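> I would like the atomic coordinates for the input below:
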Amino acid sequence: MRDAPLLTLQGLRKYFPGRGLLGPRAAVRAVEDVTLSVWPGETVGLVGESGCGKSTLGRLAVRLLRPTAGQILLQGSDISDLSERQLRPLRRCVQLIFQDPYSSLNPRMSVRQILAEPLRIHRLVRGRAEEEERIEELLAQVGLRRDALSRYPHEFSGGQRQRIGIARALAVRPRFLVADEPVSALDVSIQAQIINLLCDLQEREGLTYLIISHDLRVIEHMCDRIAVMYLGRLVEVLSRAELVSPRHPYTEALLSAVPGLDRTRPLHPVMLPGEPPSPAAPPPGCVFHPRCPRYELAGRPAICREQPPALVALGRTHQVACHLA
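As a prediction, the model looks like this:
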């Protein structure tokens, strides 16, 4: 039995001030009342359309952003309002793998300098010999040769740069990694290599992952549980085994667009009407109701327009936010 979650997000909100040519506009509600726990050794996937707030939630989890409201508990400690100085010791516990490996690496630093920097900042090695030993260990962990140390990011392929980014994240021996679209910028032939590397590292190092992706195939392959996000809110959380029987109509639509992923899916994709609303002007009630086929079939019940649905447990691993589920 697991003692306690490694990360807990409780009632988390993140609003950004709106800006327009003619003056202030309504705030952008990027993340709205999100509650989610991630347990040690677990891989949780966060999936949804572009602009739904996935990356913002990932940056909140590692406290690159300060929440507007709610709590972020890391190993039981509330880090929501800590200053950068107070956060520094905790940075060793949680690290971020970025989507674009090229823009996340300093082009003026060699691989040796990139990997040495976190070791020196956190004072994890004593002397150059120990530093060199740790750097070579990191290269071996991610499948790069020692001759990469003197080279610069532009001299590597996209897949090799992502390996360097992973090595940099591993340098401080974190327990928890947030990977924001870790393979979306890579060729399809390289994506499987990076996914397999992340899975191998998790098994060897006992890591915990939050994987952010719009690709349900990646999520289904890597994750124990999947959190589905729409317009800043979690609409469903379910295990990988429960992907065959989703209970939220938005999850059903996402699965139906991926051939072969869900054996119970209809023959044709579920086409949702309209476009996702603006996070600066979300609909009242359930934010999904203007596009929801279930809402139309049920005769447009007033509760869907008036009351946001809570995330309700349907079982030990399954939660759904839908009045009509």
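> going forward, measure contacts between C-alpha atoms and count neighbours the same way
OK.
> Do you know the pLDDT at Cys322?
Cys322 is assigned a pLDDT of 96 by the prediction.
> Helix, strand, or coil at Leu115?
Secondary structure assignment for Leu115 (DSSP: H, G, I helix; E, B strand; the rest coil): helix.
> Quickly find the element holding the nearest residue to it once chain neighbours are set aside.
With Cα to Cα, 6 or more residues apart in numbering as the criterion, Leu115 has its nearest non-adjacent residue at 5.3 Å, and that residue is Arg168. Under DSSP states H and E, the secondary-structure element containing Arg168 is helix 158-170.
> List of residues touching the helix or strand following that helix?
Sequence-wise, the next helix or strand beyond helix 158-170 is strand 176-180, with elements assigned using DSSP H and E. With contacts defined as Cα atoms under 8 Å, 6 or more residues apart in numbering, strand 176-180 is touched by 6, 55, 58, 61-62, 93-99, 169, 207-213.
> Packing partners of the next helix or strand after strand 176-180?
On the C-terminal side of strand 176-180, the nearest following helix or strand under DSSP H and E is helix 188-205. If contacts are counted by 3 or more Cα pairs under 8 Å, 6 or more residues apart in numbering; DSSP states H and E, helix 188-205 sits against helix 158-170, helix 216-222.
> Could you look over the ones you listed and pick the most buried one?
The highest mean neighbour count among the helices and strands packed on helix 188-205, using mean count of other Cα atoms under 10 Å, belongs to helix 158-170: a mean of 24.
> CA-only coordinates of stretch 69-78 in CSV, if you can.
Presented in CSV, the C-alpha positions along stretch 69-78 are these (Å, rounded to 0.1, in the frame of the first residue of the first chain):
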residue,chain,number,x,y,z
ALA,A,69,-5.2,29.8,-6.0
GLY,A,70,-5.0,26.3,-4.6
GLN,A,71,-2.1,24.2,-3.2
ILE,A,72,0.9,22.3,-4.6
LEU,A,73,2.1,19.7,-2.2
LEU,A,74,5.5,18.1,-3.0
GLN,A,75,6.3,15.2,-0.7
GLY,A,76,3.7,16.6,1.7
SER,A,77,5.2,20.1,1.8
ASP,A,78,3.2,23.1,0.5
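> which residues of the stretch 151-300 of the chain score low on pLDDT?
Along the stretch 151-300 of the chain, the model assigns pLDDT under 70 to residues 260-268.
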